[in-house]
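# Next one to model:
(chains A, B, C and D)
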Protein chains: 2
Amino acid sequence: MGITKSDLHPDAYNRLASVLKTLAHPARIAILQYIINQKACICTDLVTELGLAQATISQHLKELKTVGLIKGNIEGKSVCYCIDENVWRTIQQTIHQFFDQEVNIPKCC
Amino acid sequence: MGITKSDLHPDAYNRLASVLKTLAHPARIAILQYIINQKACICTDLVTELGLAQATISQHLKELKTVGLIKGNIEGKSVCYCIDENVWRTIQQTIHQFFDQEVNIPKCC
DNA sequence: TTTTAATATCGTAATATTGCGATGTTAAAT
DNA sequence: ATTTAACATCGCAATATTACGATATTAAAA
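As a prediction, the model looks like this:
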């Protein structure tokens, strides 16, 4: 079908999956990494840096903005984007909570 | 287009994105969590537990097997699945490496 | 030997995602 | 006032994903 049956799963799983989905794209990872390295950036920088069309970059930025990982600040005719530290840390914790589980003692295999 | 321009991005980003994509589904998260809790499980358990069709569960298991997060062991007419601890830890490290970065001192915002 | 239980795989319909050209908006620059 | 630079959004076309019924396979059970 192409539609995820979210109603079958616990909210926590849906939320984690949703965040991971946003992060699960090389362009969005590249955008985040670039902003982290440069402390901030504008859309045009990313177009030059990543080699994707302006419309495409803008769309990825929107998705990152939607989950709250980045926030934009209008500066004249450009928009300065940077990481939202609070949201970053919240997501960081969620991810730690899942991946830092003990997975020892497999019953078979 | 619906196709990711992987050739534009560093391999490390493509790999990270690929792993995150596999994890970015509530059913697959639920499957992993169930296996972690029970130490192991068979496909039918998950069908009962998650309320998805057998074909669907089987497909999700295949994806998790493809990235190596789980491995299956044939036991009679059923297959016992469990977490591959080594792969789990490798992926854990990759993900931590990205999310544990310092994101301080935003330039704008 | 026939039946049944547990899976895997195939084919397909319904959605979702990705990328981009075209277009509109806004603020600085000329 | 006109031009230009920086974005956002719309509307597609090309792919990808999700879910499941149907069907095949295999091993235990009857």
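
# any idea how far the helix or strand hosting residue A:97 is from the chain center?
If you go by DSSP states H and E, residue A:97 is part of helix A:85-99. The chain centre lies 11 Å from the centre of helix A:85-99; the measure is Cα atoms, centre = their mean, to the nearest Å.

# between that helix and helix B:85-99, what angle do the directions make?
Orientation check (axes from the mean of the first three to the mean of the last three Cα atoms, to 10 degrees): helix A:85-99 against helix B:85-99 gives 180 degrees.

# Against which helices or strands is helix A:85-99 packed?
helix A:11-23, helix B:85-99 (3 or more Cβ pairs under 8 Å, 6 or more residues apart in numbering or on different chains; DSSP states H and E). C-beta: built from backbone N, CA, C; applies to glycine.

# I'd like the distance between residue A:10 and residue B:27.
From residue A:10 over to residue B:27 the distance is 11 Å, taken as Cβ to Cβ, to the nearest Å.

# and these two? which has more neighbours close in?
Per other Cβ atoms under 10 Å in any protein chain shown, whichever of residue A:10 and residue B:27 has more neighbours is residue B:27, with 23 against 13.

# quick one: that one and residue B:61 touch, right?
No: between residue B:27 and residue B:61 there is no contact, the gap being 10.0 Å when judged by Cβ atoms under 8 Å.

# where does chain A have low pLDDT?
Scanning chain A for pLDDT under 70 picks out no residues.

# all helices of it, in order?
For chain A, the helices defined by DSSP state H occupy A:11-23, A:26-38, A:43-50, A:54-67, A:85-99.

# What distance do you get for the residue nearest the centre of chain A to DNA strand D?
Closest to where the C-alpha atoms of chain A average out (Cα atoms, centre = their mean) is residue A:23, at 3.8 Å. Using Cβ to the nearest atom of the strand, to the nearest Å, we find residue A:23 at a distance of 14 Å from DNA strand D.

# ranking the helices and strands packed on helix A:85-99 by burial, who's on top?
Of all the helices and strands packed on helix A:85-99, helix A:11-23 has the most neighbours on average by mean count of other Cβ atoms under 10 Å in any protein chain shown, namely a mean of 18.

# that older thread, closest to residue A:79 out of the helices and strands packed on helix A:85-99?
helix A:11-23 (19.2 Å; Cβ to Cβ).

# what about that closest one and DNA strand C, touching?
Yes: under the criterion of Cβ under 7 Å from any atom of the strand, DNA strand C is reached by helix A:11-23 at residue A:21.

# still on that earlier bit, closest one to residue B:55 among the helices and strands packed on helix A:85-99?
Nearest of the helices and strands packed on helix A:85-99 to residue B:55, taken as Cβ to Cβ: helix A:11-23 at 20.3 Å.

# List of residues touching the closest one?
Contact partners of helix A:11-23, identified using Cβ atoms under 8 Å, 6 or more residues apart in numbering or on different chains, comprise A:4, A:6, A:9, A:28-29, A:32, A:63-64, A:66-67, A:69, A:91, A:94-95, A:98, B:17, B:20-21, B:23-26, B:28-30, B:33.

# still on that earlier bit, rebuild the helices and strands packed on helix A:85-99 as TSV, extending it with distance to residue B:57.
Formatted as TSV, these follow (distance: least, Cβ to Cβ, whole Å):
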stretch	distance to residue B:57
helix A:11-23	15
helix B:85-99	20
